[in-house]
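Engineer: output the structure for:
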Amino acid sequence: MDAAEWRNKKGCLWLMLGGLAFMGLVFGIIIYVISRPQTAEVEAQEWQAILVCRQQLARPDITPQRREFLGASCREMEKQFRFKFPNATQ
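Structural biologist: Here you go, the predicted model:
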C-alpha cells in the first residue's frame, strides 16, 4: 500500500468517525429534549392545542377528508398528552 492509498483510507476513516460523532450528537439532543421535565405551562399549552384541534374539527364547512385527517390528528395529540401527563385532570 503506497502513501496515496493510505491517505485516502485515513481520510475515509475520519469521515466515518465524524459522521458517527454527529449522529451521536443528534441522538443526544433528541434524548435531552424528550427527557426534559414537563412543566404546568407546557401541559396547559398542549391541552390548548388539543382544544383548538377539536374546534377545527367541529367546523361545519370542512370536507370529509379534512375532517377524517383532523380527527386522527386530534386523537393522536390527545393520546400523546395522556401519555406525557397521566395525572392530568382535563
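Engineer: what is the mean pLDDT for stretch 39-47?
Structural biologist: Averaging pLDDT along stretch 39-47 gives 90.
Engineer: nope, stretch 58-76 is what I was after
Structural biologist: 94.
Engineer: how about that stretch: buried residues?
Structural biologist: 70, 74 (16 or more other C-beta atoms under 10 Å). In short, each C-beta sits where N, CA and C put it, glycine included.
Engineer: adjust the sequence numbering to begin at 42 for everything that follows.
Structural biologist: New numbering, starting at 42: the last item is stretch 99-117.
Engineer: what lies in contact with that stretch?
Structural biologist: For stretch 99-117, contacts defined as C-beta atoms under 8 Å, 6 or more residues apart in numbering pick out 91, 94-95, 97-98.
Engineer: isn't residue 122 right up against residue 129?
Structural biologist: Yes. Using C-beta atoms under 8 Å, residue 122 makes contact with residue 129 at a distance of 6.9 Å.
Engineer: more neighbours: which of the two?
Structural biologist: Neighbours were counted for residue 122 and for residue 129 using other C-beta atoms under 10 Å; residue 122 has more, 17 against 12.
Engineer: enumerate every residue touching the more buried one.
Structural biologist: By C-beta under 8 Å, 6+ apart, the contact set of residue 122 is 87-88, 91, 129.
Engineer: can you rerun that using 6 Å?
Structural biologist: Residue 122 sits next to residue 87 when contact means C-beta atoms under 6 Å, 6 or more residues apart in numbering.
Engineer: against residue 116, how distant is it?
Structural biologist: Distance of residue 122 to residue 116, given as C-beta to C-beta, to the nearest Å: 11 Å.
Engineer: can I get the helix or strand hosting residue 83 in PDB, CA atoms only?
Structural biologist: Element membership for residue 83, per DSSP states H and E: helix 81-99. C-alpha atoms of helix 81-99 as PDB (Å, rounded to 0.1, in the frame of the first residue of the first chain):
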ATOM      1  CA  ALA A  81     -47.600  23.000  34.100                       C
ATOM      2  CA  GLU A  82     -47.100  25.700  31.400                       C
ATOM      3  CA  VAL A  83     -46.200  23.000  28.800                       C
ATOM      4  CA  GLU A  84     -49.200  20.900  29.900                       C
ATOM      5  CA  ALA A  85     -51.500  23.900  29.500                       C
ATOM      6  CA  GLN A  86     -50.200  24.800  26.100                       C
ATOM      7  CA  GLU A  87     -50.600  21.200  24.800                       C
ATOM      8  CA  TRP A  88     -54.100  21.000  26.200                       C
ATOM      9  CA  GLN A  89     -54.900  24.300  24.500                       C
ATOM     10  CA  ALA A  90     -53.600  22.900  21.200                       C
ATOM     11  CA  ILE A  91     -56.000  19.900  21.600                       C
ATOM     12  CA  LEU A  92     -58.900  22.200  22.200                       C
ATOM     13  CA  VAL A  93     -58.100  24.200  19.100                       C
ATOM     14  CA  CYS A  94     -57.900  21.000  17.100                       C
ATOM     15  CA  ARG A  95     -61.300  20.000  18.400                       C
ATOM     16  CA  GLN A  96     -62.700  23.400  17.400                       C
ATOM     17  CA  GLN A  97     -61.400  23.000  13.900                       C
ATOM     18  CA  LEU A  98     -63.000  19.500  13.800                       C
ATOM     19  CA  ALA A  99     -66.400  20.900  14.800                       C
END
